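> Give the three-dimensional model of this entry:
(one chain, ligands or ions: 3)
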Amino acid sequence: MILTVDVGNTRIKAAVFEGDTHLESFVFDKIELEKKIKKILEKFETIDYLVVSLVGDVEKQSFVAFENQVKVHFVSHQDTFPFINNYGTPKTLGIDRMVLAAGATLLYPNQNRLVIDAGTCITYDFIDEKNVYQGGAIAPGFRLRYESLHQFTAKLPLLTLQSPETYIGKSTSESIHSGVVNGLVYEIDGFIDEYKAACKNIIIILTGGDAVFLAKRLKNTIFANSNFLLESLNQTFQYKIKND
Ligand SMILES: Nc1ncnc2c1ncn2[C@@H]1O[C@H](COP(=O)(O)OP(=O)(O)OP(=O)(O)O)[C@@H](O)[C@H]1O
Ligand SMILES: CC(C)(CO)[C@@H](O)C(=O)NCCC(=O)O
Ligand SMILES: [K+]
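Ligands and ions are numbered 1, 2, ... in the order given. I've put the predicted structure just below:
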């Protein structure tokens, strides 16, 4: 049994897997990390591996503390991945993006794949049908957009995510919601159109904390899978075990 943990820039997400079966998921804050992991290990006594994708600023030591109970593995650039990496700066490619790319490669064989992860950042990762990771894009997510409008202006209030009625904002707050929400929706649809025009046979996977909110609003019909990173982490680790 494997406990996968995704340390993002905002929250921590974890899931327990038995083979390919997803048993349970958890979401928590960084400060609760050790307490929550301890609880999960108590609940699922047969967990033998703790597999971590570490992007946010959490100390590795918080996980190493469990080494007397389980084998701890931090996914790293040195691991075996199922794709060829054609990124210009492979050493600086985010581990979360590598895990997403690995999951897409293994779960959707022999086709072009685009993974869109909507969290703190919106990341785009493209893996072609020959299993070559080509790159993608990094853009600010919802919260970063709302916060930057507030932080870098004198007059704009700090708002939280809310769906705009129309694209024509009739007040300051409506204008901000339209700019942030419609702006991001148009942006994602624009990227999707671009990829679809460039490749016929492409699967698009939308994941991350804001995936469900976005899926409902995109022009392109895309199925949201909020657990794709954790599922990919499980797949990546199983692939590593088989191929090492
Ligand atoms: N309970 C929640 N707490 C915080 N954010 C939430 C919650 N539910 C949904 N969200 C949305 O999820 C987004 C964060 O997504 P996610 O958890 O994937 O980000 P993250 O922790 O930074 O991970 P990553 O670094 O992989 O993007 C926030 O922008 C927010 O809109
Ligand atoms: C872009 C983020 C912050 C998304 O979580 C992460 O993947 C990261 O820190 N990436 C490093 C830069 C890169 O991927 O090229
Ligand atoms: K993200």
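
> Out of all residues in the protein, which is the farthest from the middle?
residue 170 (33.7 Å; CA atoms, centre = their mean).

> For ligand 2, see how far away that one is.
34 Å (CB to the nearest ligand atom, to the nearest Å). From N, CA and C alone the C-beta is placed, and that goes for glycine too.

> Quick one: name the residues of the chain near ligand 1.
8-11, 55, 96, 119-121, 141-143, 161, 208-210 (CB under 6 Å from any ligand atom).

> is it true that residue 178 touches residue 167?
Yes: when contacts are counted by CB atoms under 8 Å, residue 178 is listed as touching residue 167 (5.5 Å).

> Name the residue in these two with the higher neighbour count.
residue 178 (18 against 13; other CB atoms under 10 Å).

> re the thing from before, list only buried entries from the residues of the chain next to ligand 1.
8, 10, 55, 96, 119-121, 141-143, 208-210 (16 or more other CB atoms under 10 Å).

> Format those residues as JSON lines; extra columns: distance to residue 1.
As requested, these are exported to JSON lines (distance: CB to CB, whole Å):
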{"residue": "8", "distance to residue 1": "23"}
{"residue": "10", "distance to residue 1": "27"}
{"residue": "55", "distance to residue 1": "24"}
{"residue": "96", "distance to residue 1": "23"}
{"residue": "119", "distance to residue 1": "26"}
{"residue": "120", "distance to residue 1": "29"}
{"residue": "121", "distance to residue 1": "31"}
{"residue": "141", "distance to residue 1": "32"}
{"residue": "142", "distance to residue 1": "34"}
{"residue": "143", "distance to residue 1": "33"}
{"residue": "208", "distance to residue 1": "25"}
{"residue": "209", "distance to residue 1": "25"}
{"residue": "210", "distance to residue 1": "30"}
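
> And these, which is the shakiest by pLDDT?
Of all these, residue 10 carries the smallest pLDDT score, 91.

> Quick one: residues contacting the residue in the chain that ligand 2 sits nearest to.
Closest approach between the chain and ligand 2, counting by CB to the nearest ligand atom: residue 94, at 2.0 Å. By CB atoms under 8 Å, 6 or more residues apart in numbering, the residues touching residue 94 are 55, 123.
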